[in-house]
Structures are given as structure tokens and as C-alpha cells.
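Chemist: Sequence first, predicted model second:
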Amino acid sequence: MRYHFCPKCGSKLTLNEQQDKNKPLCQGCGFIFYQNPIVGVAAILIKDKKILLGKRNISYKGKWCIPCGYVEWDEDIYSAIKREFYEETGLIITPKSVYTALSNFHNPEQHTVGIWFLVNEVDGTMKAGDDLDEVQFFNFRDIEEEKIAFPTDWIVLNKLKEENLIE
């Protein structure tokens, strides 16, 4: 269990009769604290068969990723991808389509579901910001798996290569 106390009354959380770790039960008020994944979004910007990646500066520091972030409460996923991409790259984009969605299990403390969008650049000036120190376009052959922050990004990069969207 990630949490040990109820967010409503502060009493102790315990596992239910089925020992379901996804549904801790409050001993005080009976609240079921569902453990659900968080949604993240990532933007795939391709130019001349190269993909834009960002070098992380906080978590997974020094590793590269497809620019990404979490969807805020009450935020539409399309608004989230535009906001996150702008915060991290300085570029304004338009989402074209959902490319793929994958479950992320790289962080044992937080299961996330990622949605990767193919995007078009509309405006802005490319400049790293927020969680990134650097942004740069890469050919697939120049990307090293061990320098990629998230295993699911590596899956996406390979899929893009197999589909001949990047070289």
C-alpha cells in the first residue's frame, strides 16, 4: 500500500477481506481509497525523420525522454499535451492524433498510463524549460537505450523506427 491513512478522516487504512492492495479500506469511516494510475501525456514532434527529445533535470536527471507530463485535475488531455510541451520546449503545437497508449511500471511508487501524441509545430522558439535542461532533435541511430529515461519511450522510439517515421 502506498498510503497508510485515510484522506477523509485520518484513520488507519487496511486491506479489505480479499487483501486487494488496490482498494485499502479506512477503519474509521469505511472509505475505500482506490489506487488508480495517473495519466501522463507525451508529444512526438518529428522533423526530417528526427525526433525531439528532452534531457531531464530533476527525476531521471541526465536522461532523455519524449517531452511529457501529467494531466492536471479537470484538464482535457489535448490541453495537457499543449501545455506540457510548451512548458518543456517553448514550442506551440497542435496534436494530430494519438500514436499509442501504454502502461508505465518503471516507478514502483506510481503506476501511470501514458498517451503519446503525434504533433505538429505551430509557433514558438525552442528552448528547454520546466523539467528539461536541453532539447534536441535526434536520429534513431544516435539514441542509446541506456540514456532514455523511461522504458515505454524506448518502446515508442522503436515503433516509430519500425514504421519508418524516424531514421
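Modeler: Done, it's in.

Chemist: Tell me where the chain has helices.
Modeler: Assigned by DSSP state H, the helices in the chain fall at 77-89, 151-162.

Chemist: Check those for me and report the most buried one.
Modeler: helix 77-89 (a mean of 20; mean count of other Cβ atoms under 10 Å). To be clear about C-beta, it is placed using only N, CA and C from the backbone, and glycine gets the same treatment.

Chemist: thinking residue 123 is in contact with residue 94, fair?
Modeler: No - using Cβ atoms under 8 Å, residue 123 is not in contact with residue 94; the gap is 9.9 Å.

Chemist: Report the contact partners of the residue of the chain most remote from its centre.
Modeler: Here the chain reaches farthest from its C-alpha mean at residue 28, the gap being 34.8 Å by Cα atoms, centre = their mean. By Cβ atoms under 8 Å, 6 or more residues apart in numbering, residue 28 lies in contact with 6, 9-12.

Chemist: That one and residue 21: what is the separation?
Modeler: Distance of residue 28 to residue 21, given as Cβ to Cβ, to the nearest Å: 20 Å.

Chemist: Closest one to residue 162 out of the contacts of residue 28, please.
Modeler: Nearest to residue 162 out of those is residue 6 (Cβ to Cβ; 46.8 Å).

Chemist: check contacts around the closest one.
Modeler: Going by Cβ under 8 Å, 6+ apart, residue 6 touches 12-13, 26, 28-29, 31, 33.

Chemist: Skipping its backbone neighbours, what lies nearest residue 156 in space?
Modeler: residue 116 (5.4 Å; Cβ to Cβ, 6 or more residues apart in numbering).

Chemist: in terms of contact, does the one you found touch residue 100 like I think?
Modeler: Yes - between residue 116 and residue 100 a contact is recorded at 5.1 Å, counting by Cβ under 8 Å.

Chemist: hang on, the earlier thing: can you tell me which of the contacts of residue 28 comes closest to residue 48?
Modeler: The nearest member of the contacts of residue 28 to residue 48, counting by Cβ to Cβ, is residue 6 at 53.4 Å.

Chemist: With adjacent residues omitted, what lies nearest to the closest one?
Modeler: Distances taken as Cβ to Cβ, 6+ apart put residue 26 closest to residue 6, at 3.8 Å, once the chain neighbours are dropped.

Chemist: and the one you found, what are its bridge partners?
Modeler: residue 13 (DSSP bridges).
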